[in-house]
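> here you go, sequence then predicted model.
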Amino acid sequence: MALNGKIAVVTGAALGIGKAMTEILLQNGATVVLLDVNEAAGKSLKEALDKQYGREKTLFLNCDVESEEHIKAAFQKTVETFGGIDILCNNAGILNERTWEKMISINLVGAIRVAYLALQHMNKLAGGRGGVIVNTASMAGLGPLMSCPVYTATKHGVVGFTRAMAAASTASGYGIRFNALCPGFVQTDLFSAIPSNLGHYSHLADATQQMADMMGTLTVSLVAECLLELVNDETKNGEALLVTTNGNKYITFPVFTLSRGP
Ligand SMILES: NC(=O)C1=CN([C@@H]2O[C@H](COP(=O)(O)OP(=O)(O)OC[C@H]3O[C@@H](n4cnc5c(N)ncnc54)[C@H](O)[C@@H]3O)[C@@H](O)[C@H]2O)C=CC1
Ligand SMILES: CCCCCC(=O)CC\C=C/C=C/C=C/[C@@H](O)[C@@H](O)CCCC(=O)O
């Protein structure tokens, strides 16, 4: 299979989209390190995956992406156990407009921290093997959702970080592709909890629900298939892949030509 011999790390792997990413990577032959702050869910998933794929194909590590210490230890354990990192699914994230500083700390700062620490092991200039980093952004990273302005900001940040890192990697010779995955509404615990997590904007919950009803909700499996596309297609670097129930689209962004002033 296409990913035989590849070592993948998935953050937020225990539930939802991350769990589906873990499963499709295993189905395609990768060895997967599951990182999650939810130890019970992580251990439960590991137990189930052991039966299906064998104990040697996965490793679960309790890891909070807000903690540099946790991430460093997780990547060190990964490299010691499996010899390196080829694929990073930078997926962990929350929605809670009440605790918006924490949401920024997880969704944006955490994603940047995980990517930077993974670079220390993946970067060809640092002895790594290169590879691909897929950051889970959101459709809200491409256009604003009025019911969650800070969530929107975190996801716009993830898209911008991804595109800039893709250019930096190419210019620097890191040998690493960076892409952003931008799903619409996906049927997960995060989606189910939207109405209770809009804080000051709870009065806009109905409008958001109407939008979700109109757009439809995606399955985690369909999102995972899009992840696999970004992992496998080596022509994809600096892309933002929009995933909706009406199909998928690689987003084109405005290009500002550099020219001297008048
Ligand atoms: N559900 C949706 O409609 C959409 C979700 N997304 C994004 O997809 C990603 C996954 O979301 P879902 O699967 O829907 O959520 P979920 O709540 O079902 O799963 C998120 C997983 O991340 C873990 N997690 C949360 N905080 C963490 C931390 N500090 N450190 C490590 N792990 C942590 C949770 O324990 C959980 O296992 C998030 O980044 C989210 O913003 C993007 C577009 C749509
Ligand atoms: C409400 C929190 C959602 C958290 C999970 C997601 O990331 C789901 C993202 C799904 C859809 C996002 C759509 C964004 C649309 C914008 O581009 C804009 O067109 C929406 C305008 C209407 C509005 O603000 O409600």
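It's in. Ligands and ions are numbered 1, 2, ... in the order given.
> only C-alpha atoms from now on, for both contacts and neighbour counts.
Noted.
> for L49, what are its contacts?
Applying Cα atoms under 8 Å, 6 or more residues apart in numbering to L49 gives the contacts 55, 58.
> for it, helix, strand, or coil?
helix (DSSP: H, G, I helix; E, B strand; the rest coil).
> how many residues are close by S259?
6 (other Cα atoms under 10 Å).
> next, it: phi, psi?
With angles defined as degrees, to the nearest 10, S259 sits at phi -150, psi 150.
> mind checking pLDDT for it?
With respect to pLDDT, S259 scores 85.
> can you check L25 too?
L25 is assigned 99 on the pLDDT scale.
> state the distance from it to ligand 2.
The gap separating L25 from ligand 2 is 22 Å, by Cα to the nearest ligand atom, to the nearest Å.
> quick one: that residue and L3 touch, right?
Yes: contact criterion Cα atoms under 8 Å: L25 and L3 qualify, at 7.4 Å.
> residues in contact with E225?
Going by Cα under 8 Å, 6+ apart, E225 touches I24.
> any idea of the mean pLDDT for the helix or strand harbouring it?
Here E225, judged by DSSP states H and E, is contained in helix 220-232. The pLDDT scores in helix 220-232 average 98.
> helix or strand right after that helix?
Under the assignment DSSP H and E, the closest C-terminal helix or strand after helix 220-232 is strand 240-244.
> ranges for the helices of the stretch 51-200 of the chain?
68-82, 100-104, 111-122, 149-172, 189-192 (DSSP state H, counting those that start in this stretch).
> and these as a markdown table, adding mean pLDDT, distance to M21 and mean neighbour count?
Output for those, formatted as a markdown table (pLDDT from 0 to 100; distance: least, Cα to Cα, whole Å; neighbours: other Cα atoms under 10 Å):
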| stretch | mean pLDDT | distance to M21 | mean neighbour count |
| --- | --- | --- | --- |
| helix 68-82 | 98 | 18 | 17 |
| helix 100-104 | 98 | 22 | 18 |
| helix 111-122 | 98 | 16 | 21 |
| helix 149-172 | 98 | 18 | 20 |
| helix 189-192 | 98 | 16 | 14 |
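> can you add distance to ligand 2 and give those back as a markdown table?
Formatted as a markdown table, those follow (distance: least, Cα to the nearest ligand atom, whole Å):
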| stretch | distance to ligand 2 |
| --- | --- |
| helix 68-82 | 24 |
| helix 100-104 | 12 |
| helix 111-122 | 15 |
| helix 149-172 | 7 |
| helix 189-192 | 6 |
